[in-house]
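Engineer: kindly return the folded structure for what I paste below:
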Amino acid sequence: MDKKLIAERFNKAATTYTQEASVQHQIANHMLLLLKEHLHQAPKRIVEFGCGTGNYSRMIINQFYPKELLLNDLCENMMGCCADLLSEEVSFITDDAEYLQFPPERDLITSCSTLQWFDNPEVFFHRCSGYLQPEGYLAFTTFGLKNMQEIRATTGQGLSYLSISELCQSLLANYEIIHASEEVIEQYFDEPKQVLRHLKATGVTGISNPHWTPRTLIRFCEQYGKLYTTPQGVRLTYHPIYIIAKKKNNEK
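Structural biologist: Predicted coordinates:
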């Protein structure tokens, strides 16, 4: 992962992300419902990594009223997007969460739509267990193998996603899986160019730096339109995965 490029793309998308990222908002809302269902009491000491513009952060605050909430993002522009949330209880740090040292004894470490940008999720899961109190929770959403499959097929570029079974297996050394589910969400656009605008506005083009020429853009639009035009419009697939894991209490 080129973390510098990822940060650059998301920094540029800071002002457009909230308006454009309707699927990510839907995913965050579903994650919150799952937390309400599976956590027996409201977590009071929380870390949210990859908080972005604060969409999920606001849901967490309004639902759980945490005593301590550390917001984190790789992109420095996101601190401005979350400025209205900062208080004695809510702080923000700009850093790469994959290598950041979190405060100890957290009740919940959580994130939406971030983990797919990590180099080694399994190592990160192990590190998080050291920051959780006994039987604390790690809860996150990421994306599965079908995510943006149209872009990969058309351009040959895309992230290397893990399956839900691979994610669960990588957690088992330190956690009990409380919930694991996945779904496919299809979003539709009027034309292929709108798909590219959508990706740029949400910052998710941060794995490569392609040089678009008029010819390559025409070729992309022709191929994408031919393969993925449906009665509802031009399709783009999202494949969210939802996992809630409880830290194992080794003292039992």
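Engineer: what comes up buried for the host helix or strand of Ile151?
Structural biologist: Per DSSP states H and E, Ile151 falls inside helix 149-155. For helix 149-155, a neighbour-count test (16 or more other CB atoms under 10 Å) marks Gln149, Glu150, Ile151, Thr154 as buried. All C-beta atoms are positioned from the backbone trio N, CA, C, and that covers glycine.
Engineer: save these as JSON lines, and put in distance to Asn77 and pLDDT too.
Structural biologist: As requested, the buried residues of helix 149-155 are exported to JSON lines (distance: CB to CB, whole Å; pLDDT from 0 to 100):
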{"residue": "Gln149", "distance to Asn77": "29", "pLDDT": "94"}
{"residue": "Glu150", "distance to Asn77": "28", "pLDDT": "94"}
{"residue": "Ile151", "distance to Asn77": "24", "pLDDT": "91"}
{"residue": "Thr154", "distance to Asn77": "29", "pLDDT": "91"}
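Engineer: which one of the residues you listed is nearest to Ile93?
Structural biologist: Ile151 (31.5 Å; CB to CB).
Engineer: quick check: longest helix of the chain.
Structural biologist: Ranked by number of residues, the top helix in the chain under DSSP state H is helix 22-38.
Engineer: rounded mean pLDDT for it, please.
Structural biologist: In this model, helix 22-38 has a mean pLDDT of 95.
Engineer: after it, which helix or strand is next?
Structural biologist: Heading C-terminal from helix 22-38, the first helix or strand you meet, by DSSP H and E, is strand 45-49.
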